[in-house]
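Peer 1: Pasting the sequence and the predicted model now:
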Amino acid sequence: REATVGATAAHGGTFRPTPPPSPAHSIPDATPLTPAERDRLRAEFPILHTHTYLNACSLGALSHRAEARLGEFLERWHAMGASAWYEHWMGRLDSLRGQVASFLGAERHELALSPSTSVALSSVAESVDFRARPRVVMTELDFPTLGHQFVVKPEVELVVLRSEDGVGIDPAQFAEAVDERTAFLATSHVFFTTGFRQDLPALARIARDAGALSLIDGYQGAGQVAVDVRQAGVDIYTAGPLKWLLGGPGLAYLYVREGLIDSLRPRITSWFAAEEMFDFDLEGFAFRSDARRFEMGTPALATVHMAQG
């Protein structure tokens, strides 16, 4: 089931994020696979030769292509050691950022790599001063990690919307709860509990009208349903290769809208987030100007390779 567009909030607020640009295109409908295309894709996944695999919502199946990329990583590690970082692996990180950004309808500089969605969410949650806007609005159908970021912060007032039918949430419920005291409208693209797909443009508009930020956990969305973050108008979107993107554990993707990046300064950080990371300056720190300011150290290179496969 899909949520329908509800009323938008018309509350005032002191902080108003810059509106995202108007979408230049719409997401096309998926083209059905031919039997030959379907068979070719199924042949990529060894587990499908012996099982009917229905648990990609927990762990996506491993493909021959992903395994081959992992083999390439291991071979270069054997042959080159640390020098592979400079000749190959740093380029792999940048290439993956570009691939994921294109897949999400974003730009490369709006995309960061993170060890997990939990870390990505923490980076964002630690970038906001909650004194003026202490409220975060989410739902009882969201994955617990999303709520945990805010439950542990005593300065945050967490508002949890209840589902009237046990399946989804009407956007009107968000419109009623999100106000000038709200920092984040934080919720899922697709609820892990029910498979309900939310109306992201409606939610982004509700947040924007109240001067709040839309923070979307897209882990059960990306790879399962079409995603275009610019068309949706969301401020922040997280995803990763563990599930429907079929790349394995140990990595997550964080999109932060271009006009928002400079205003967010995470209070947890790493040398990957520094503008001059190879200066190794212990006492001086300047954030990168792009979304890499949210990166938290050396990524899981094995998963980076599998994700590209």
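Peer 2: Looks like it came in fine.
Peer 1: mind listing the helices for the stretch 51-200 of the chain?
Peer 2: Ranges of helices in the stretch 51-200 of the chain, per DSSP state H, counting those that start in this stretch, are 64-80, 83-84, 90-104, 117-125, 144-151, 171-177, 200-209.
Peer 1: Tabulate those helices in JSON lines, adding columns for mean neighbour count.
Peer 2: Every C-beta, even on glycine, is put in place using the N, C-alpha and C of the backbone. Shown next, in JSON lines, are those (neighbours: other CB atoms under 10 Å):
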{"stretch": "helix 64-80", "mean neighbour count": "15"}
{"stretch": "helix 83-84", "mean neighbour count": "14"}
{"stretch": "helix 90-104", "mean neighbour count": "17"}
{"stretch": "helix 117-125", "mean neighbour count": "23"}
{"stretch": "helix 144-151", "mean neighbour count": "17"}
{"stretch": "helix 171-177", "mean neighbour count": "21"}
{"stretch": "helix 200-209", "mean neighbour count": "23"}
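Peer 1: Would you tell me which of those gets closest to Thr238?
Peer 2: For Thr238, the closest of the helices of the stretch 51-200 of the chain is helix 117-125, at 4.9 Å, according to CB to CB.
Peer 1: As PDB, could you dump the C-alpha coordinates of the closest one?
Peer 2: The C-alpha trace of helix 117-125 is given here as PDB (Å, rounded to 0.1, in the frame of the first residue of the first chain):
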ATOM      1  CA  THR A 117      23.400   3.300   8.800                       C
ATOM      2  CA  SER A 118      23.700   3.600  12.600                       C
ATOM      3  CA  VAL A 119      27.000   5.600  12.200                       C
ATOM      4  CA  ALA A 120      25.500   7.600   9.300                       C
ATOM      5  CA  LEU A 121      22.500   8.600  11.400                       C
ATOM      6  CA  SER A 122      24.700   9.400  14.400                       C
ATOM      7  CA  SER A 123      26.800  11.700  12.200                       C
ATOM      8  CA  VAL A 124      23.700  13.600  11.200                       C
ATOM      9  CA  ALA A 125      22.100  13.600  14.700                       C
END
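Peer 1: Run a quick neighbour tally on Gly168.
Peer 2: 23 (other CB atoms under 10 Å).
Peer 1: Could you name the helices and strands sitting against the longest strand along the chain?
Peer 2: Counting residues, the longest strand in the chain under DSSP state E turns out to be strand 182-188. The contact analysis (3 or more CB pairs under 8 Å, 6 or more residues apart in numbering; DSSP states H and E) places strand 182-188 against strand 135-139, helix 144-151, helix 200-209, strand 213-217.
Peer 1: mind putting these in JSON lines, distance to Ala183 and mean pLDDT included?
Peer 2: Listed next are those as JSON lines, based on distance: least, CB to CB, whole Å; pLDDT from 0 to 100:
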{"stretch": "strand 135-139", "distance to Ala183": "6", "mean pLDDT": "98"}
{"stretch": "helix 144-151", "distance to Ala183": "9", "mean pLDDT": "95"}
{"stretch": "helix 200-209", "distance to Ala183": "10", "mean pLDDT": "98"}
{"stretch": "strand 213-217", "distance to Ala183": "7", "mean pLDDT": "98"}
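Peer 1: quick one, which of those is nearest to His189?
Peer 2: Per CB to CB, nearest to His189 of these: strand 213-217, 5.5 Å.
Peer 1: how close does the residue of the chain most remote from its centre get to Tyr86?
Peer 2: Relative to the centre of the chain, the most outlying C-alpha is that of Ala79, 34.1 Å out, by CA atoms, centre = their mean. Per CB to CB, to the nearest Å, Ala79 is found 14 Å from Tyr86.
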